[in-house]
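Visitor: below are the sequence and a predicted model; questions follow.
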Amino acid sequence: MATVCVHGLGYVGLPTAALLAHNGHDVTGFDVDEAVIDRLSRGDVRTGEAELREYIAEVLDSGALTPADEIPAAEFHLVCVPTPLDAEAERAELAYVRSAAEGIAGVLREGDTVVLESTVPPGTTEGPLREVLETGSGLRAGTDFGLAYSPETVLPGNILYELRANDRFVGGVGEASTETAARLYEPCIDGTVHRAPDASTAEFVKLVQNAYRDTNIGFANELARVAADYDIDTRTAIGLANRHARVDILQPGPGVGGHCLPVDPLFLAHGSESVDLIRHARRVNDSMTGYVVDLVREYFGGLDGKRLAVLGVAYKGNVDDTRNSPGLRLARLLRAAEQEPPAVADGGTHGGIETRLHDPHVSDDDGEFGLVPLETALDGADAAIVTTDHDEFTEIDPADAADRMRGRLLVDTKGLVDDGAWRDAGFDVITL
Ligand SMILES: NC(=O)C1=CN([C@@H]2O[C@H](COP(=O)(O)OP(=O)(O)OC[C@H]3O[C@@H](n4cnc5c(N)ncnc54)[C@H](O)[C@@H]3O)[C@@H](O)[C@H]2O)C=CC1
Ligand SMILES: CC(=O)N[C@@H]1[C@@H](OP(=O)(O)OP(=O)(O)OC[C@H]2O[C@@H](n3ccc(=O)[nH]c3=O)[C@H](O)[C@@H]2O)O[C@H](C(=O)O)[C@@H](O)[C@@H]1O
């Protein structure tokens with residue numbers, strides 16, 4: 001049993017703290033956000049994943065995981081703080097990592113180990129993290145204290161399962177750092193803990209995994225546009241192509257959301273000017289919302305006066321996370337189109353576009369997104385656009401939708417619904 005302090009209790013840190021606490025460690029969860037500590041101290045756990053909520057609540061109840069607003073001394077410090085993209089500079093924002101390191105340096109002792117789990121550009125552990133820790137503590141990484149990188153690879157929506165089942169990899173400053181960190185995780189997970197040659201390789205591999213997925217989706221999105229030009233159903237074509245043993249293409253959609261795939265691939269460009277295909281795939285993925293708007297505009301011969309139901313503002317199916325949501329981006333684009341000047345030259349009228357947003361997984365208590373119930377979204381709509389693959393959307397009754405809507409267009413950007421049933425109810429269906 002070891003003493004562990006987890007820094008940052010968000011999507012990654014809190015489940016990780018719970019995992020270690022369930023495995024007999026004495027875990028403190030530290031977060032700079034007092035509201036997070038207050039909530040957890042009251043046993044109030046907020047995640048859309050019910051099993052995970054219970055898993056975390058158990059160790060909070062038993063006292064194996066203690067939320068704290070001060071950093072304690074601990075044998076292990078795990079850093080799970082945000083690493084957002086500075087979009088303008090296309091660089092990782094490492095201020096949170098630096099500030100966590102400053103806090104740790106104040107309590108770091110000989111023999112302790114620091115593990116960075118946040119997604120970062122290659123060289124961060126060996127560079128800025130090491131420097132802040134060494135300067136603040138007067139100790140040396142790899143000799144006086146252990147320092148390693150071990151990324152988290154859980155898939156939101158299935159966090160509890162993946163936390164325990166996934167393989168991990170660890171790369172440290174020196175072999176002893178790698179081994180000490182690997183041995184912390186090894187008994188806690190069913191997956192294998194792989195040793196990377198060093199921290200920078202481990203950081204690189206994490207980015208490669210997400211860049212691979214994003215680029216593969218970019219390929220699928222480009223195929224969707226090409227297939228449409230040939231009047232071919234993309235998903236049928238991809239399904240057939242994937243029957244080949246060495247082909248594995250992902251699915252097209254309205255763009256790539258979340259705070260990982262749209263962000264992490266660009267971290268590869270932090271210290272390299274050779275990033276090209278990866279950057280291009282990003283652009284292809286980002287262009288998909290505009291492409292969907294164009295499809296709707298073409299269908300109606302213009303958007304003036306149209307009432308559009310956008311179904312799904314979570315970034316992907318069955319989660320409540322709206323970060324970089326394609327559905328919200330689409331709604332923003334449609335609202336921007338609303339500001340277009342009226343088409344006076346061709347005698348057209350400009351009645352404005354009305355967008356109504358619905359999402360059964362996202363709570364909107366403060367009205368941030370202006371979400372409405374499904375029925376309100378569909379009532380009088382000219383088109384419904386499915387932007388998220390929530391299970392609930394497969395259960396919409398096309399006959400009921402037809403009764404409510406004044407138009408008959410369904411755009412299914414996720415290939416989710418039974419298009420035959422919608423066609424039978426009189427709809428034109430456009431699927432990406
Ligand atoms: N969300 C996900 O599914 C995955 C995220 N990651 C990576 O893990 C890292 C953390 O991401 P999330 O958990 O999603 O972020 P999050 O935003 O959900 O949580 C981060 C927490 O860190 C806290 N924090 C900020 N500065 C701090 C400091 N100096 N000391 C202590 N706490 C501090 C914040 O208040 C917040 O509660 C990021 O690098 C992300 O890219 C990696 C794999 C999966
Ligand atoms: C390589 C990999 O699978 N990375 C995972 C990813 O989690 P994330 O939820 O962002 O990935 P995702 O399920 O692919 O979703 C991202 C976006 O991509 C879209 N998407 C996904 C699959 C697909 O065939 N087509 C598609 O358009 C989704 O709708 C969503 O908008 O990024 C996470 C992270 O790094 O934070 C990582 O831990 C997860 O394991």
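Guide: Perfect, thanks for sending it. Residues are numbered from 1 along each chain as shown. Ligands and ions are numbered 1, 2, ... in the order given.
Visitor: from now on I want contacts and neighbour counts done on CA atoms only, so please keep to that.
Guide: OK.
Visitor: OK, contacts around Pro373?
Guide: By CA atoms under 8 Å, 6 or more residues apart in numbering, the residues touching Pro373 are 358-359.
Visitor: what residues sit buried inside stretch 204-211?
Guide: Buried residues in stretch 204-211, counted by 16 or more other CA atoms under 10 Å: 204-208, 210-211.
Visitor: that one near ligand 1 at all?
Guide: No. Between stretch 204-211 and ligand 1, judged by CA under 6 Å from any ligand atom, nothing touches; the nearest distance is 8.7 Å.
Visitor: average pLDDT for that stretch?
Guide: For stretch 204-211, mean pLDDT is 98.
Visitor: export that stretch as CSV, just CAs?
Guide: Once side chains and other backbone atoms are set aside, the C-alpha atoms of stretch 204-211 remain, and they are given as CSV (Å, rounded to 0.1, in the frame of the first residue of the first chain):
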residue,chain,number,x,y,z
PHE,A,204,4.7,10.5,-28.6
VAL,A,205,2.8,7.2,-28.6
LYS,A,206,-0.2,8.7,-26.9
LEU,A,207,-0.4,11.4,-29.5
VAL,A,208,0.1,8.8,-32.3
GLN,A,209,-2.9,6.8,-31.1
ASN,A,210,-5.3,9.8,-31.3
ALA,A,211,-3.8,11.1,-34.5
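Visitor: ok, and what's touching that stretch?
Guide: Surrounding stretch 204-211, the residues in contact under the criterion CA under 8 Å, 6+ apart are 119-122, 151, 153, 260-261, 264-265, 267-268, 278.
Visitor: for Pro156, which three-state class applies?
Guide: Under the three-state scheme (DSSP: H, G, I helix; E, B strand; the rest coil), the conformation of Pro156 reads as coil.
Visitor: what residues does the protein have near ligand 1?
Guide: Selection of the chain residues close to ligand 1 by CA under 6 Å from any ligand atom yields 7-13, 30-33, 80-83, 96, 99-100, 118-119, 152-156, 260.
Visitor: filter those residues down to the buried ones.
Guide: Among the residues of the chain next to ligand 1, those that count as buried by neighbour count (16+ other CA under 10 Å) are 7-13, 30-32, 80-83, 96, 100, 118-119, 152-154, 156, 260.
Visitor: I'd like to know how many residues surround Arg404.
Guide: When neighbours are defined as other CA atoms under 10 Å, Arg404 has 17 of them.
Visitor: got the contact list for it?
Guide: Residues touching Arg404, when contacts are defined by CA under 8 Å, 6+ apart, comprise 375, 378-381.
Visitor: please repeat the previous calculation with a cut-off of 7 Å.
Guide: Counting by CA atoms under 7 Å, 6 or more residues apart in numbering, Arg404 touches 378-380.
Visitor: any idea how far it lies from ligand 2?
Guide: Spatial separation of Arg404 from ligand 2 under the definition CA to the nearest ligand atom, to the nearest Å is 28 Å.
Visitor: repeat for Leu268
Guide: Distance of Leu268 to ligand 2, computed by CA to the nearest ligand atom: 14 Å.
Visitor: looking at the spatially most central residue of the chain now. What's its pLDDT?
Guide: For the chain, the residue whose C-alpha lies nearest the mean C-alpha position (CA atoms, centre = their mean) is Gly258; its distance is 2.9 Å. pLDDT, Gly258: 96.
Visitor: how about Ala401?
Guide: Here, the pLDDT recorded for Ala401 equals 98.
Visitor: okay, now the unreliable bits of the chain?
Guide: In the predicted model, the chain carries pLDDT under 70 at residues 338-351.
Visitor: which bits of it sit near ligand 2?
Guide: Taking CA under 6 Å from any ligand atom as the criterion, the neighbours of ligand 2 within the chain are 152-156, 209-210, 213, 217, 250-253, 255-258, 260-261, 315-316.
Visitor: looking at these, which are in helices?
Guide: Restricting the residues of the chain next to ligand 2 to those inside helices, with DSSP state H as the criterion, leaves 209-210, 213, 217.
Visitor: need those residues in TSV (columns: distance to Val292).
Guide: Converted to TSV, those look like this (distance: CA to CA, whole Å):
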residue	distance to Val292
Gln209	27
Asn210	24
Arg213	22
Ile217	16
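Visitor: what's around Arg423, how many residues?
Guide: Close neighbours of Arg423, defined as other CA under 10 Å, add up to 15.
Visitor: what does Glu368 give?
Guide: Other residues lying near Glu368 total 8 when counted by other CA under 10 Å.
Visitor: ok, the contacts of stretch 204-211 vs ligand 2, which is closest?
Guide: Proximity to ligand 2 was ranked across those by CA to the nearest ligand atom; first place goes to Thr153, at 3.3 Å.
Visitor: for Glu51, grab phi and psi.
Guide: Main-chain dihedrals, Glu51, degrees, to the nearest 10: phi -60, psi -40.
Visitor: how about the nearest residue to it, chain neighbours excluded?
Guide: Computed as CA to CA, 6 or more residues apart in numbering, the closest residue to Glu51 that is not its neighbour in sequence is Leu160, at 7.4 Å.
Visitor: quick revisit: looking at the ones in helices among the residues of the chain next to ligand 2, which two lie furthest apart in space?
Guide: Of all pairs drawn from these, the greatest distance, 12.6 Å, lies between Gln209 and Ile217 (CA to CA).
Visitor: thought Ala199 was touching Thr125, still the case?
Guide: Yes. Distance between Thr125 and Ala199: 6.4 Å, which falls inside the contact criterion (CA atoms under 7 Å).
Visitor: okay, these two: which has more neighbours?
Guide: With other CA under 10 Å as the criterion, Thr125 and Ala199 differ in neighbour count, and Ala199 comes out ahead with 29 against 26.
Visitor: got any residues that touch both of Thr125 and Ala199?
Guide: Contact criterion CA under 7 Å, 6+ apart; residues shared by Thr125 and Ala199: Tyr149.
Visitor: for the helix or strand harbouring Glu298, name the packing helices and strands.
Guide: Mapping Glu298 onto the secondary structure by DSSP states H and E places it in helix 288-300. With contacts defined as 3 or more CA pairs under 7 Å, 6 or more residues apart in numbering; DSSP states H and E, the secondary structure elements packing on helix 288-300 are helix 326-338.
Visitor: what's the angle from the helix or strand just after the helix it packs on to helix 326-338?
Guide: Scanning forward in sequence from helix 326-338, with DSSP H and E defining helices and strands, the next element found is strand 354-358. Taking axes from the mean of the first three to the mean of the last three CA atoms, to 10 degrees, one finds that strand 354-358 is oriented at 170 degrees with respect to helix 326-338.
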